[in-house]
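Student: Would you be able to build a 3D model of this:
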Amino acid sequence: MANVIEYAKIFQSELDAQMVAGATSGYMELNSSMVKYNGGNEVKIPKVVMDGMADYDRENGFVKGSVTLSFETHQLTQDRGRTFSLDAMDVNESNFVVNAGSVLGEFQRTKVVPEVDAYRYSKIATKAITGSKATGGYTAASTDIMDKLLADIYKVYDLVGESTPLVISLNMGISPILDLSDKITKRLDVVDFQKGEVAVKTLALDGIPIVRVPSARMKTAYVFNDGTTAGQEAGGFVADVAAKNINWIISARNSVIAVSKTDIPRIFDPMTNQTANAWKIDYRKYHDLFIPDNKVDGIYVNIKEALV
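Tutor: Numbering: from 1, shown residues only. Model (predicted):
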């Protein structure tokens with residue numbers, strides 16, 4: 001059936017849009033325009049290195065400086081997918097788009113988006129810990145949570161400047177504690193926060209958007225099941241046994257680069273499918289998150305458990 005190609009194009013476009021809108025970390029994909037992506041599993045991120053100021057000499061003029069523009073090559077390490085079948089007795093060509101769209105949409109909403117979120121936050125935490133941009137050992141309490149949060153915000157501002165837009169990714173489990181702080185009310189407002197092509201109204205602290213993230217996605221480490229190993233057949237992800245709980249992440253919006261590519265879904269109609277009288281749909285997603293070395297100053301992570 002010739003129109004399966006058109007179905008695939010429709011699904012890919014819709015799934016990409018849904019991915020950005022649905023993920024709490026979707027705003028990180030706004031930086032993907034900085035990345036060169038030519039297909040496959042590689043991306044190239046620009047890196048600029050230049051000399052600082054020097055004295056101007058009235059006789060000899062300017063001191064020559066050096067500037068280097070290079071591209072760091074990174075691999076998209078997350079190559080994930082699944083195949084689904086819809087029996088021909090349940091789904092015919094006339095209702096295929098509706099049923100397949102429902103299946104793929106639900107799969108992405110309940111399985112893909114939480115996993116991508118979890119991977120991104122854990123990778124930021126790992127980068128922050130190795131780069132000495134994290135603190136541990138704080139159990140949230142309404143008496144001092146505002147003090148701790150503001151202190152971490154200004155650790156970032158101190159290095160990147162107060163004009164740099166930040167985002168607070170807050171563990172949903174401690175959100176009520178922050179809400180109960182007697183210091184927060186006068187500092188809250190509502191701002192437009194861009195997620196993909198959509199701007200949403202979001203609560204902000206001193207103008208910094210607060211993105212509330214389900215606690216299951218705010219761990220420092222996860223196991224991403226391969227789907228074939230014994231005990232991992234169900235796929236998906238689980239927190240690593242050594243994982244710590246992230247209280248919050250402060251990030252400059254230009255520091256974190258998320259790349260997410262939904263491969264064109266492969267669709268086989270029942271006449272083409274050799275294994276069953278069913279529609280067969282293959283879903284595949286490449287994704288990863290990068291923080292260039294010269295952007296690490298733009299992140300800070302607060303963790304509940306001690307780091308050592």
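
Student: hey, where'd the strands end up in the stretch 201-308 of the chain?
Tutor: Remark: strands assigned in the stretch 201-308 of the chain by DSSP state E, counting those that start in this stretch are 208-213, 222-224, 237-239, 246-252, 257-262, 266-268, 278-290, 299-303.

Student: list the helices and strands the fourth one packs on?
Tutor: Contacts defined by 3 or more CB pairs under 8 Å, 6 or more residues apart in numbering; DSSP states H and E place strand 246-252 against helix 113-130, helix 145-160, strand 166-171, strand 299-303. In short, each C-beta sits where N, CA and C put it, glycine included.

Student: Show the subsequent helix or strand relative to the one helix or strand H74 maps to.
Tutor: Per DSSP states H and E, H74 falls inside strand 67-75. Where DSSP H and E defines the elements, the next helix or strand beyond strand 67-75 is strand 78-87.

Student: Paired strands for that next one, with orientation please.
Tutor: Using DSSP bridges, strand 78-87 pairs in its sheet with strand 278-290 (antiparallel).

Student: May I have the predicted confidence score for G136?
Tutor: On pLDDT, G136 comes in at 97.

Student: follow-up on the earlier one: can you list the strands that the strand holding H74 pairs with?
Tutor: Here, using DSSP bridges, strand 67-75 pairs with strand 42-50 (antiparallel).

Student: With only the CA atoms kept, save the strand it pairs with in CSV.
Tutor: Extracted as CSV, the C-alpha positions of strand 42-50 are listed here (Å, rounded to 0.1, in the frame of the first residue of the first chain):
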residue,chain,number,x,y,z
GLU,A,42,26.8,11.7,15.6
VAL,A,43,26.4,15.4,16.3
LYS,A,44,29.0,18.2,16.2
ILE,A,45,28.9,21.0,18.8
PRO,A,46,30.8,24.3,18.1
LYS,A,47,33.4,25.3,20.6
VAL,A,48,35.1,28.8,20.6
VAL,A,49,38.4,29.4,22.3
MET,A,50,39.9,32.9,22.3
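
Student: quick one: it to chain centroid distance?
Tutor: 20 Å (CA atoms, centre = their mean, to the nearest Å).

Student: what residue ranges in the stretch 51-200 of the chain score low on pLDDT?
Tutor: Across the stretch 51-200 of the chain, the ranges flagged by pLDDT under 70 are 91-99, 196-197.
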